[in-house]
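Peer 1: The sequence and its predicted three-dimensional model are supplied below.
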Amino acid sequence: MSNDPYAESGEFIDVLSRGAWEALRVPLAQALAQARPDQGPIVDIGAGTGLGTLVAARAVPGADLIAVEPSPILRAALLARLAGDDMSRRVTVQATDAGGMVLPGRLGAVLAINMIGHLTPDHRRALWADLRPRLAPAAPLVVNLQPPPEPVAVPETAFTSVPVGRQTYQGSGGARPDGPDSVVWTMRYRVLTEDGTVERELVVDYPWYVLSAQMLLDELAAAGYAATVGEMDVVVATPA
């Protein structure tokens, strides 16, 4: 059995995520205005299909980037996106997770968007500690908070619906508590025909470690960062 949580659902991730990434584009670009590309590359941890990598490449023209993605199916989409864009000359892809990254001693910025819930609390705190001495002075670590902030039930809710040709791709999901600091998100992916008939349906569970804004700010402060929470729950932290 694959350890890749996106092994089955990977085909849906990019098409159903584009609206969310469009909403994140402006706050991420604003945060990356503080990047120091002259000091080192920008790292995109959990790059997925490359939608955030593209935001970073366009927000900081000329910067070198490292895109880190462990999922083979998401990484395939990432590489396909790079191959069709001139940023392919600037982006190096690492086929690993946050714990296996090979990073230089100095970084110009770090993105960790839509991914920190994949990390256990210990792994999360270890990541903050590892990145802190690598970040150039005033260079940003940019993460975002995602619901729920505590292990509570979330009723299934429709997230997005995207027409593709004569079909419509839909995504919905809900969560259930799974311990003192985690939930399991159950995501439902559907492909509908023109008359609304469900042609295909896939249900996938994703374990997710919850994190409130105050918990994250406290962790970052303890690791030596000054951090603020901004638009779209985007958190920008810099070495204190």
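Peer 2: The structure has been received and is ready for your questions.

Peer 1: a strand runs through Val203, doesn't it?
Peer 2: Yes. Checked against DSSP: H, G, I helix; E, B strand; the rest coil, Val203 lies within a strand.

Peer 1: Give the bridge partners for the closest residue to it other than its chain neighbours, please.
Peer 2: Sequence neighbours aside, Arg188 is the residue nearest to Val203 in space, at 5.2 Å (criterion: CB to CB, 6 or more residues apart in numbering). For the C-beta atoms, the positions are set from N, CA and C on the backbone; glycine is no exception. Bridge pairing for Arg188 (DSSP bridges) gives the partners Ser172, Val203.

Peer 1: Likewise for Leu65?
Peer 2: Under DSSP bridges, the beta-bridge partners of Leu65 are Ile42, Val91.

Peer 1: Now do the contacts for it.
Peer 2: 41-44, 53, 56-57, 87, 90-92 (CB atoms under 8 Å, 6 or more residues apart in numbering).

Peer 1: Go again with 7 Å.
Peer 2: Contact analysis of Leu65 by CB atoms under 7 Å, 6 or more residues apart in numbering lists 41-42, 44, 53, 56-57, 90-91.

Peer 1: Please convert these to CSV, extending it with neighbour count and pLDDT.
Peer 2: CSV is the format used below for these (neighbours: other CB atoms under 10 Å; pLDDT from 0 to 100):
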residue, neighbour count, pLDDT
Pro41, 21, 98
Ile42, 28, 98
Asp44, 31, 98
Thr53, 28, 97
Ala56, 28, 97
Ala57, 25, 95
Arg90, 20, 95
Val91, 25, 97
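
Peer 1: Between the residues you listed, which sits nearest Glu201?
Peer 2: Of all the contacts of Leu65, Thr53 has the smallest distance to Glu201: 30.1 Å, by CB to CB.

Peer 1: so that closest one touches Ile45, yeah?
Peer 2: No. The criterion here is CB atoms under 7 Å, and Thr53 misses it with Ile45 at 10.6 Å.

Peer 1: Going along the chain, name the helices of the chain.
Peer 2: For the chain, the helices defined by DSSP state H occupy 10-31, 51-59, 72-83, 121-131, 213-222.

Peer 1: CA-only coordinates of the last one in PDB, if you can.
Peer 2: This means helix 213-222. This file holds the C-alpha atoms of helix 213-222, laid out as PDB (Å, rounded to 0.1, in the frame of the first residue of the first chain):
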ATOM      1  CA  ALA A 213      -2.900  31.000  15.500                       C
ATOM      2  CA  GLN A 214      -1.700  31.500  19.100                       C
ATOM      3  CA  MET A 215      -0.100  28.100  19.100                       C
ATOM      4  CA  LEU A 216       1.800  28.800  15.900                       C
ATOM      5  CA  LEU A 217       2.900  32.300  17.100                       C
ATOM      6  CA  ASP A 218       4.100  30.800  20.400                       C
ATOM      7  CA  GLU A 219       6.100  28.100  18.600                       C
ATOM      8  CA  LEU A 220       7.700  30.600  16.300                       C
ATOM      9  CA  ALA A 221       8.500  32.900  19.100                       C
ATOM     10  CA  ALA A 222      10.100  30.100  21.100                       C
END
